[in-house]
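Participant: Turn this into a structure:
(chains A and B)
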2 protein chains.
Amino acid sequence: MILNEFSIIDLLSDLTSDHPCLIKGIGDDTAVIKANEDFNYLVSVDSFTEKVHFNKRTMSPYDLGYKVLAANVSDMIAMGGEAQFYLLSLGLPETINEDFILAFKEGLNQFSKEAQIILIGGDTVTSDHLSISVTMIGRVKKDLIRYRHLAKEGDYVFVTGSLGKSAYGLDQLLNQDKQSSLFIKEHQQPMIRLQFPKASNAFKRIALNDISDGIANELNEIAEASSVSITIKEELLPIHTKIKALSADKKEQFTLYGGEDFELVGTIDPTDFDELVARCEQVNIPVTKIGRVSYNEKGKSNVYLVKNGKKVKLNKDGYTHLK
Amino acid sequence: MILNEFSIIDLLSDLTSDHPCLIKGIGDDTAVIKANEDFNYLVSVDSFTEKVHFNKRTMSPYDLGYKVLAANVSDMIAMGGEAQFYLLSLGLPETINEDFILAFKEGLNQFSKEAQIILIGGDTVTSDHLSISVTMIGRVKKDLIRYRHLAKEGDYVFVTGSLGKSAYGLDQLLNQDKQSSLFIKEHQQPMIRLQFPKASNAFKRIALNDISDGIANELNEIAEASSVSITIKEELLPIHTKIKALSADKKEQFTLYGGEDFELVGTIDPTDFDELVARCEQVNIPVTKIGRVSYNEKGKSNVYLVKNGKKVKLNKDGYTHLK
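Facilitator: Residues are numbered from 1 along each chain as shown, chains lettered A, B, ... in the order given. So this is what the prediction gives:
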C-alpha cells in the first residue's frame, strides 16, 4: 500500500485523546491549549523541504526565511490569534555556507519584525538536503477562536484579497521562457493578513481558514468540520484582471486550487457582514462576499460552484459535474 | 567558512528578544512561556535524521517511535516539568510502507502511555530520507523550574542511574561481530526519569540537565550558565561493572562523552542532598554524589575531573591536562 499524507495522518490519529488542558487537538489550523482566564495558546508545526516546497530557482534564501514564517503565522491568523514565538529546526546539507545562512536570517528577520514574533529555540542537524521545520506559538482570546466548525446555515462566505496570485507567480518562475515577473513576489514573500483578527474582533462567530492549499480545499474543510454545504459563485470571486485574461483551464487551476496565497476564507452571519467589510477596509484588507452556507443535504457536506448558470460540485482537487 | 551546529545557532541567536510572555528563550533545555498564576508552559523541538541519528541497523521503526518521544520528554524533565502534548513533523521517503508506519506508531504509543502524553498536531512531507521533528509541550510549577543557571558555590553535584550504557549499546550495535546485546535496550528505548520532578519538588533550588550529549558537555553547560566551576571525581562516577572492565579509552569515551543516556545531572544544596537521595529511592531512581560546585576562578567557568589523584580540565568533547 502506497501511503499519502492523509493516510499517514489517519493511521496516527488515534494517538490523540482528551486532556483537561487541551481545547483542540488535531483537526484545525493549529492546536489550542489552555493558558488562563483571558486567553489560550495556539501551537502548530509546518515543514518545508527542498524540491517539494521550493527549489533554488523559485526561492532565494531570503525568500525562504520570509515565507516559512509567513506560512506558519498565517495558521495563527486563521484561528483568530496573534503569533508570538517560534522555534526553528533546520536540516542542513554540509555544503551550506555562511552567505546562505545570513540571507536566510535576513528573511526571517524581516518577517519577524512585520509580525512581531520572536525566536525562542530550535536545533540544527546535518541532512542530505535542506529542510526547515517551524513550530509557531501564538495566543488567542478565549471567546474569539475562529474554528472551521463554526459555519452555520445562512452565513455569507467571504474571502480577503484576490485569488490565484501565488500560483500564477510560481508558474512564471517555473517557465523560464516567460519574461513576466508578475505576482512573483506574492509567491516568494506572501502578504499575511496580520490585521484581520483585530479588525474582526467585534464579531462573536466567524469560521475561518487560510488559503494554503487552494480555496476548494479550504472550503471543503469548513463544510466538513461544520456539517454544512457551501455554494460559491464564480462571478463573485475576486480575481485580478491579468489572471481573468488567462485560458479557462489556467484561471481555474490558479484561483480554485492554487495554494500559498494565504488569503483568508470564512463565513459570518449576514447581519455582521457589512460591518466586517467596513472594519477590514480601515486596515486595507478587501473583503468580498463569494457565496452562502446552506443546509447539509442528506448529511453530506458539499461545496458547490455556480459557473455559467450551472452548479458543479467542487472537490478538494477538482470538480465533478452534477447530473 | 564551514558552519557547524553551534556557529549556525550563534548566527541566528539575535533573532530573539524579550517579551512579557516569555520567561526563558534560547539557552536551556526548553523555552519557558507564561501561562497562569500556578504554572508555565515549556516548549522544545528536536529533529532526528536517518544516518545522523540512527540507521536501520541500530534502530527499528518501533525503537524510533519510542526514542524520538523519550528524548524530547527528557528535556521537559530536565526543566523540572511534566510533558503533556506533542506535534510530529515527518519527512518520509516515497518508499515508506504501512508496516513501517504501524511499527513506528506502536513505539510512539508505548512511550506516550508511559509518559502520558498526547499527539495534538503535525504534518507530513515527502523527503529523500526519513526525518522526524518533534515539538514537545509541557508544564512546570512556576517556582520549581530547574534552570542550568541555578548552580551555586558549595552545591553537591549529583547524577541519576549510571553512565555510558547507551553509548556501550550503540557500540555493540555498530560492531556486528560482537555477540553481546548488553545495553542495547538502553540505546534503543532509553529509560526516562519521569518521576524525578515529583520526587524532587520539595527542594526549592536544583540546577539540572539531562545527559543527551555526554556528562562532560552537560556539566560545562551548567558551569557556564551558572558562572561557577565544577569538580567531579572519577572514583565517584556510577558505572556498571561491565563498562568499568573496558579499556580506559573506551570507558572514558562511553561514560564522559557518551550521549543519549538521558540520565539527569544536577547540583543541589548539600543540606538537601540526603533527603533528595531518600525521596528518589522511593521511586527507584538512584542518585549519586559525584562532586562539588566551586567558585568561579578569574571569571572562568571550568569543569574538572579528578582521576588517579590528578586534576584534568574536562572540556565538552575531551580533556586537557593541567600544567
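
Participant: now the stretch 51-200 of chain A, which segments are flagged as low pLDDT?
Facilitator: A:52-53, A:176-179 (pLDDT under 70).

Participant: Now do the contacts for the residue minimising distance to the centre of chain A.
Facilitator: Residue closest to the average C-alpha location in chain A (Cα atoms, centre = their mean): A:Asp210, at 2.9 Å. The contact partners of A:Asp210, taken as Cβ atoms under 8 Å, 6 or more residues apart in numbering or on different chains, are A:Asp29, A:Ser74, A:Asp75, A:Ile77, A:Ala78, A:Glu218, A:Phe262, A:Glu263, A:Leu264, A:Val265. Just so you know, the C-beta spots here come from the backbone N, C-alpha and C atoms, and that holds for glycine as well.

Participant: do A:Asp29 as well
Facilitator: So A:Asp29 contacts A:Ser44, A:Asp75, A:Met76, A:Ala78, A:Met79, A:Arg148, A:Asn209, A:Asp210 (Cβ under 8 Å, 6+ apart).

Participant: closest to B:Ile285 among these?
Facilitator: A:Ser44 (35.0 Å; Cβ to Cβ).

Participant: got the phi/psi numbers for the closest one?
Facilitator: Here is the backbone geometry of A:Ser44 (degrees, to the nearest 10): phi -150, psi 160.

Participant: Show me the contacts of A:Asp210 that map onto strands.
Facilitator: Counting by DSSP state E, the contacts of A:Asp210 place A:Leu264, A:Val265 in strands.

Participant: Out of the contacts of A:Asp210, the closest to A:Gly91 would be?
Facilitator: A:Asp75 (21.1 Å).

Participant: for the closest one, what are its contacts?
Facilitator: A:Asp29, A:Thr30, A:Leu42, A:Ser44, A:Asp46, A:Met136, A:Asp210, A:Ser212.

Participant: Please identify which pair of the residues you listed lies farthest apart.
Facilitator: Largest separation among these by Cβ to Cβ: A:Leu42 and A:Ser212, giving 15.7 Å.

Participant: returning to what we had before: for the residue nearest to the centre of chain A, name its beta-bridge partners.
Facilitator: A:Asp210 has these beta-bridge partners by DSSP bridges: A:Leu264.

Participant: So A:Leu42 and A:Ser212 - more neighbours on which side?
Facilitator: A:Leu42 (29 against 20; other Cβ atoms under 10 Å in any protein chain shown).

Participant: And the pLDDT for the more buried one?
Facilitator: Looking at A:Leu42, its pLDDT reads 97.

Participant: Model confidence at whatever residue of the stretch 151-300 of chain A ends up closest to chain B, what's the number?
Facilitator: Nearest to chain B, among the residues of the stretch 151-300 of chain A, is A:Ser212, at 10.7 Å (Cβ to the nearest Cβ). The score at A:Ser212 is 91. That number is its pLDDT.

Participant: Surely it is in contact with A:Phe262?
Facilitator: Yes - shown here, A:Ser212 and A:Phe262 form a contact pair, counting by Cβ atoms under 8 Å, at 6.5 Å.

Participant: Find the residues that touch each one of these two.
Facilitator: With Cβ under 8 Å, 6+ apart as the test, A:Ser212 and A:Phe262 both reach A:Ala71, A:Ser74.

Participant: Would you map the helices across chain A?
Facilitator: For chain A, the helices defined by DSSP state H cover A:5-12, A:61-77, A:98-115, A:165-174, A:184-188, A:196-199, A:215-226, A:241-244, A:248-257, A:270-282.

Participant: Let me know the average pLDDT across the first one.
Facilitator: Model confidence over helix A:5-12, given as mean pLDDT, is 71.

Participant: how about the nearest residue to A:Asn201 once chain neighbours are set aside, what does it touch?
Facilitator: Leaving aside its chain neighbours, A:Asn201 sits nearest to A:Leu144 (5.7 Å; criterion: Cβ to Cβ, 6 or more residues apart in numbering or on different chains). Applying Cβ under 8 Å, 6+ apart, we find A:Leu144 in contact with A:Gly80, A:Pro197, A:Asn201, A:Lys204.

Participant: which of those residues count as buried?
Facilitator: Buried members of these, scored by 16 or more other Cβ atoms under 10 Å in any protein chain shown, are A:Gly80, A:Pro197.

Participant: just to revisit the earlier point, of the helices of chain A, flag the one that's most buried.
Facilitator: helix A:61-77 (a mean of 25; mean count of other Cβ atoms under 10 Å in any protein chain shown).

Participant: what angle do that helix and helix A:165-174 make?
Facilitator: Angle, helix A:61-77 to helix A:165-174, by axes from the mean of the first three to the mean of the last three Cα atoms, to 10 degrees: 160 degrees.

Participant: Helix A:61-77: how far from the chain's middle?
Facilitator: With Cα atoms, centre = their mean, to the nearest Å as the basis, helix A:61-77 stands 11 Å off its chain's centre.

Participant: now do stretch A:120-130
Facilitator: From the chain centre to the centre of stretch A:120-130 is a distance of 25 Å (Cα atoms, centre = their mean).

Participant: List the contacts of that stretch.
Facilitator: For stretch A:120-130, the surrounding residues in contact (Cβ under 8 Å, 6+ apart) are A:49-51, A:85-94, A:96, A:137, B:5, B:8-9, B:12, B:16, B:22, B:25-26, B:30-31, B:33, B:43-49, B:51-53, B:127-129, B:131.

Participant: contacting residues for the nearest residue to A:Ser131 once chain neighbours are set aside?
Facilitator: Leaving aside its sequence neighbours, A:Ser131 sits nearest to A:Gly91 (Cβ to Cβ, 6+ apart; 3.8 Å). Contacts here follow Cβ under 8 Å, 6+ apart; on that basis A:Gly91 touches A:124-127, A:129-133, B:47, B:49, B:91, B:131.

Participant: Same list, the residues you listed, but as CSV with distance to B:Ile192 please.
Facilitator: What follows is the contacts of A:Gly91, written out as CSV (distance: Cβ to Cβ, whole Å):
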residue, distance to B:Ile192
A:Thr124, 24
A:Val125, 21
A:Thr126, 25
A:Ser127, 26
A:His129, 31
A:Leu130, 31
A:Ser131, 27
A:Ile132, 28
A:Ser133, 23
B:Ser47, 19
B:Thr49, 21
B:Gly91, 25
B:Ser131, 22
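
Participant: Out of those, flag the one nearest to B:Gly258.
Facilitator: For the contacts of A:Gly91, the nearest to B:Gly258 is A:Val125 (18.7 Å; Cβ to Cβ).

Participant: Burial check on the closest one, number of neighbours?
Facilitator: What A:Val125 shows, counting by other Cβ under 10 Å, is a neighbour count of 18.

Participant: Tell me the bridge partners for it.
Facilitator: Counting by DSSP bridges, A:Val125 forms beta bridges with A:Gly91.

Participant: wait, isn't A:Ser226 in contact with A:Val157?
Facilitator: No - contact criterion Cβ under 8 Å: A:Ser226 and A:Val157 do not qualify, at 11.4 Å.

Participant: who touches both of these two?
Facilitator: What both A:Ser226 and A:Val157 touch, as defined by Cβ under 8 Å, 6+ apart, is the set A:Thr267, A:Val293.
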